[in-house]
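Student: here is a sequence with its predicted model. Questions after.
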Amino acid sequence: MKSTHSSLDPALRLRARGAASNESGRFEPARREAFADGWDLPEDERLLRTEVRIDRPRSALTFNRSPDIPFDRSVNPYRGCEHGCIYCFARPTHAYLNLSPGLDFETRLIARPGIAAVLERELRANSYRVAPVALGTNTDPYQPVEARHRVMREVLEVLSAFRHPVAITTKGTLIERDLDLLAPMAAEGLLRVGLSVTTLDTDLSRRLEPRAPPPARRLETIRRLAAAGIPVRAMVAPVIPGLTDPEIEAILAAVADAGAVAATWIMLRLPLEVAPLVKAWAEEHYPDRAGKILARIREIHGGRDYDPAWGKRMRGEGIWADLVSRRFRLAAARHGLDRDQPPLRRDLFTVPPRPGDQLRLF
């Protein structure tokens with residue numbers, strides 16, 4: 001039997017996956033275990049593969065009122081993320097789909113084709129008031145499955161036609177495919193990109209983010225975006241105390257050399273089911289440092305795995321959080337990455353005519 005929850009079928013082989021378990025989500029009433037009762041036929045080892053299901057969305061824009069987030073609306077082309085980053089704060093959202101925040105999050109994905117048409121309908125509403133749309137706030141819109149499903153491409157085509165301001169967050173190099181849309185939007189002040197660089201260590205990146213592009217390839221993406229005139233903000237996120245924090249200065253030097261114009265950082269967050277996943281990951285990959293890493297995380301979050309309080313969840317508090325903040329601020333200033341980016345333009349927003357629409361007289 002193959003369990004979709006806590007324990008895994010012994011015949012199931014994992015390759016380039018972040019999580020090593022598939023624990024039930026917090027809304028599930030039962031916990032299942034794979035158990036060999038002696039009646040199953042012997043099976044050959046099977047590779048766990050990515051599955052993509054299709055969702056037909058009824059709405060596109062998601063609004064938030066979080067005081068520590070600099071945008072109030074977003075669009076999510078996908079649910080789940082094949083990059084498999086073990087630290088991803090979005091993992092718990094898979095529990096709402098009755099799926100596990102563990103392996104299900106990175107192998108049982110939801111694509112949302114048709115969301116661009118829904119977005120267009122929402123932008124045409126007379127009640128709509130323009131403000132920057134964030135893409136990539138929950139899961140990466142340029143994860144590998146985008147190459148086949150092209151949902152992000154369709155969303156960008158709509159935003160470009162409406163001359164709508166947009167901010168993209170990604171670590172996917174597939175963003176280079178869309179330079180034909182992104183470069184003209186950037187030239188009009190309608191676009192900026194945040195590209196995540198967690199570490200420069202290829203081996204560590206492979207363990208942390210098993211299906212994300214390696215660090216050197218992300219730096220090359222920054223170069224290509226910058227060469228196309230697209231402002232790139234490097235995101236040192238998350239900073240993992242006791243593991244990646246020694247690299248802060250080196251990362252900032254590398255992204256500045258690649259052409260980034262600004263940089264920000266976010267402390268590691270471990271909401272809900274993410275905490276046990278990261279603990280298990282640290283004990284498996286870095287048993288000599290796991291205790292130090294986990295103790296430092298708790299110290300930064302007031303003795304807990306995670307403090308969700310506004311203003312604290314992104315930075316933490318205490319001596320170690322203050323030290324990271326000071327080091328980042330000094331290094332960013334040294335490389336000219338501490339500047340504020342100009343606000344995205346809203347005044348260019350226009351509703352394009354549809355075939356058959358009556359033209360306006362004035």
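Tutor: Great, that's in hand.
Student: which strands and helices lie in contact with the lowest-mean-pLDDT helix or strand in the chain?
Tutor: Least confident helix or strand, the chain: strand 12-13 with a mean of 80, by mean pLDDT, DSSP states H and E. Under the contact definition 3 or more CB pairs under 8 Å, 6 or more residues apart in numbering; DSSP states H and E, strand 12-13 sits against strand 46-47. To be clear about C-beta, it is placed using only N, CA and C from the backbone, and glycine gets the same treatment.
Student: and the residue nearest to residue 350 when sequence neighbours are not counted, how far is that from residue 156?
Tutor: Spatial nearest neighbour of residue 350, excluding adjacent residues (CB to CB, 6 or more residues apart in numbering): residue 163 at 5.5 Å. For residue 163, the distance to residue 156 equals 12 Å [CB to CB, to the nearest Å].
Student: pull out the buried positions in the helix or strand where residue 255 lies.
Tutor: Taking DSSP states H and E as the criterion, residue 255 maps to helix 248-258. By neighbour count with 16 or more other CB atoms under 10 Å, helix 248-258 contains the buried residues 248, 251, 252, 254, 255, 256, 258.
Student: now do stretch 114-128
Tutor: 114, 115, 116, 118, 119, 120, 123.
Student: would CSV of the residues you listed with pLDDT be doable?
Tutor: As requested, the buried residues of stretch 114-128 are exported to CSV (pLDDT from 0 to 100):
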residue, pLDDT
114, 97
115, 98
116, 98
118, 98
119, 98
120, 98
123, 98
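Student: I'd like those residues laid out as a markdown table, including distance to residue 53 and secondary structure.
Tutor: Below are the buried residues of stretch 114-128 laid out as a markdown table (distance: CB to CB, whole Å; DSSP: H, G, I helix; E, B strand; the rest coil):
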| residue | distance to residue 53 | secondary structure |
| --- | --- | --- |
| 114 | 14 | coil |
| 115 | 14 | helix |
| 116 | 18 | helix |
| 118 | 18 | helix |
| 119 | 20 | helix |
| 120 | 23 | helix |
| 123 | 27 | helix |
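Student: of all the residues you listed, which two lie farthest apart?
Tutor: Spatially, the most separated pair among the buried residues of stretch 114-128 is 114 and 123, at 15.1 Å (CB to CB).
Student: show me the strands in the stretch 201-350 of the chain, by range?
Tutor: 232-239, 262-267 (DSSP state E, counting those that start in this stretch).
Student: so which of these is nearest residue 178?
Tutor: strand 232-239 (14.1 Å).
Student: now for that closest one, which elements pack on it?
Tutor: Using 3+ CB pairs under 8 Å, 6+ apart: strand 232-239 touches strand 191-196, helix 215-227, helix 248-258, strand 262-267.
Student: parallel or antiparallel, list what pairs with it.
Tutor: Applying DSSP bridges, strand 232-239 is found paired with strand 191-196 (parallel), strand 262-267 (parallel).
Student: how far does stretch 309-321 sit from the chain's center?
Tutor: 20 Å (CA atoms, centre = their mean, to the nearest Å).
Student: contacts only, for residue 73.
Tutor: 61, 62, 63, 64, 131, 132, 133, 134 (CB atoms under 8 Å, 6 or more residues apart in numbering).
Student: ah, wrong one, I meant residue 87
Tutor: Per CB under 8 Å, 6+ apart, neighbours of residue 87: 208, 238, 240, 268, 269, 270, 274, 278.
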